[in-house]
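**Q** Based on what follows, work out the 3D shape:
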Amino acid sequence: MQHKKNPSFNLDVLGLFLAGLINTFLAPVFAMIVFGPGTEARQPDLYLRIEWIAENALQWKGGWLLWFAVTLSFAWSYYALGRHLDGTRPWRSLAIGLALIAAAVDLVGVLANLVILPEIAQALMDTPTQMDPALVVFFQSLENFSYALINVSAFGLYSVAGLLLMPAAFATPSYPRFLAWLGTAEWGMATLATALLVISPDLAMGPLLISFALYAPWVWLSAYWLLRGKPVGLVQAL
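**A** Okay, here's the model as predicted:
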């Protein structure tokens, strides 16, 4: 086997490694600890969430600013792996394009949390008497909107994009079959979790956890596959 050693190739290997590290290990820290106390998952009381965000605006904004790394590394992993798979499969390019759309949707939700939500929370806390009910409704609506963008729409698009990569993975002779099946299990679980988030959110946690657990091994072993090298003829740049 020949090894393809060029800056772009090395960047793909690094991108896959960072995607697994950031999305599997750092993202839960951001979501649960850094800005978690201001989210409904950690604090079901709406007014306590508003109060926490207003009083911890710097921490809240810093956490969502770090989320850019989560989004960008996740989106990059599709291109970093996909362009090394069988380029005769049209689904590969569609998968990469869909991942870019998912990243754009994701970033809109991130920006809503980063820029708008803390401003509304501060305005509500600055109210001299009772919180303005209309502003409270606006805050909650924006929360729901950003949740729908990040956790449902973007994640759903990422999941479908992952499934679309699999035909190219199976069609690439040097790509290990067990990795192709691992990727299928990963994105199948992610797609199921997305559907459950819409239909029955209480049932989504199991498939979500399985999906999160499978992601890092899949991208890291795929990075190892690239690092070991493969027939250069299989590489077809986009």
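**Q** Find the residue closest to residue 163 in space, skipping its chain neighbours.
**A** residue 187 (4.6 Å; CB to CB, 6 or more residues apart in numbering). From N, CA and C alone the C-beta is placed, and that goes for glycine too.
**Q** any idea how far the one you found is from residue 167?
**A** 12 Å (CB to CB, to the nearest Å).
**Q** Compare the two (neighbour count), which wins?
**A** Between residue 187 and residue 167, counted using other CB atoms under 10 Å, residue 187 has the larger neighbour count: 24 against 17.
**Q** Wait, the more buried one touches residue 162, no?
**A** Yes: between residue 187 and residue 162 there is a contact at 3.3 Å, judged by CB atoms under 8 Å.
**Q** Now do the contacts for the residue nearest to residue 163.
**A** Residue 187 makes contact with 159-160, 162-163, 165-166, 211, according to CB atoms under 8 Å, 6 or more residues apart in numbering.
**Q** Can you give me the pLDDT of it?
**A** Residue 187 carries a pLDDT value of 97.
**Q** and after the helix or strand bottoming out on mean pLDDT in the chain, which helix or strand comes next?
**A** Here the helix or strand of the chain ranked lowest by mean pLDDT, DSSP states H and E is helix 7-21, holding a mean of 88. Using DSSP states H and E, the helix or strand that follows helix 7-21 in sequence is helix 27-29.
**Q** Now do the next helix or strand after that next one: which elements does it pack against?
**A** Counting by DSSP H and E, the element after helix 27-29 in chain order, helix or strand, is helix 46-55. Secondary-structure packing of helix 46-55 (3 or more CB pairs under 8 Å, 6 or more residues apart in numbering; DSSP states H and E): helix 117-125, helix 133-147.
**Q** Name the residues that touch the first one?
**A** Residues lying outside helix 117-125 but in contact with it, judged by CB under 8 Å, 6+ apart, are 50-51, 53-55, 57, 60-61, 131-132, 135-136, 138-139, 142-143, 146.
**Q** Great, nothing more from me.
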